[in-house]
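> pasting the sequence and the predicted coordinates here, then a few questions.
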Amino acid sequence: MNINFLEIAKASMILFAVIDIIGSLPIVVKLKANAGGKIESGKASLVAGGIMLLFLFVGEKILGFIGIDVGSFAIAGAFILFFMALEMVLGISLFKQDENMVKTASIVPLAFPMIAGAGSMTSILSLRAEYASINISIAIVINIAIVFLVLKMSGWFEKKLGTGGIAIIEKIFGIILLAIAVKLFTTGIKNIFY
């Protein structure tokens with residue numbers, strides 16, 4: 001095992017920026033309201049962490065097996081993020097809510113694709129080229145712990161920020177999410193054509 005604290009710190013910061021759980025608070029609050037106030041923080045965190053760790057070790061092989069390159073995967077993720085960002089910025093609802101939302105909100109869309117989405121997965125594949133897998137694994141665990149704490153405290157954040165504060169954060173981070181979607185899209189296009 002080659003544990004390197006500098007690699008862990010760098011990988012943790014990159015994943016923290018991509019996962020952007022603080023910026024996703026407005027979405028979490030909205031999901032919580034749509035799901036009848038029930039978001040299972042532990043379940044969402046464990047599923048997201050499991051998906052990210054699995055993707056770290058076998059993601060590229062799975063994508064290769066089904067004939068999908070990393071660029072195409074990034075573009076697909078960019079579309080999902082783009083529509084989520086449009087909802088945040090424009091205050092519209094594009095995703096259909098159904099009666100199963102209460103049962104699945106902690107897994108879809110919270111654990112996947114919000115936390116363990118195309119952005120975090122393509123970042124994990126990029127990190128693999130530079131850092132040891134053990135260090136990336138530790139960085140993932142650190143980020144999942146942060147995600148768990150933020151999800152657990154989402155009610156507290158909602159009370160402190162209020163409806164107006166949440167609305168402002170939603171618009172700001174909607175624009176940031178839109179920029180991330182565009183970046184993922186352009187990176188995916190470059191990977192496919194160059």
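Yes, it's here.
> against residue 190, how distant is the residue nearest the centre of the chain?
In the chain, the C-alpha nearest the mean C-alpha coordinate belongs to residue 115, at 2.7 Å (CA atoms, centre = their mean). Computed as CB to CB, to the nearest Å, the residue 115 to residue 190 distance reads 25 Å. The way it works is simple: take the backbone N, C-alpha and C, and place the C-beta from them, glycine included.
> now do residue 50
From residue 50 over to residue 190 (counting by CB to CB), the distance is 30 Å.
> go on, residue 20?
Counting by CB to CB, the gap from residue 20 to residue 190 is 22 Å.
> helices and strands of this structure: which one bottoms out on pLDDT?
Least confident helix or strand, the chain: helix 101-104 with a mean of 62, by mean pLDDT, DSSP states H and E.
> how far is the following helix or strand past that one from where the chain is centred?
Note on helix 101-104: by DSSP states H and E, the next helix or strand toward the C-terminus is helix 118-130. Relative to its chain's centre, helix 118-130 lies at 12 Å (CA atoms, centre = their mean, to the nearest Å).
> again with stretch 26-34
In this view, stretch 26-34 has its centroid 15 Å away from the chain centroid, taken as CA atoms, centre = their mean.
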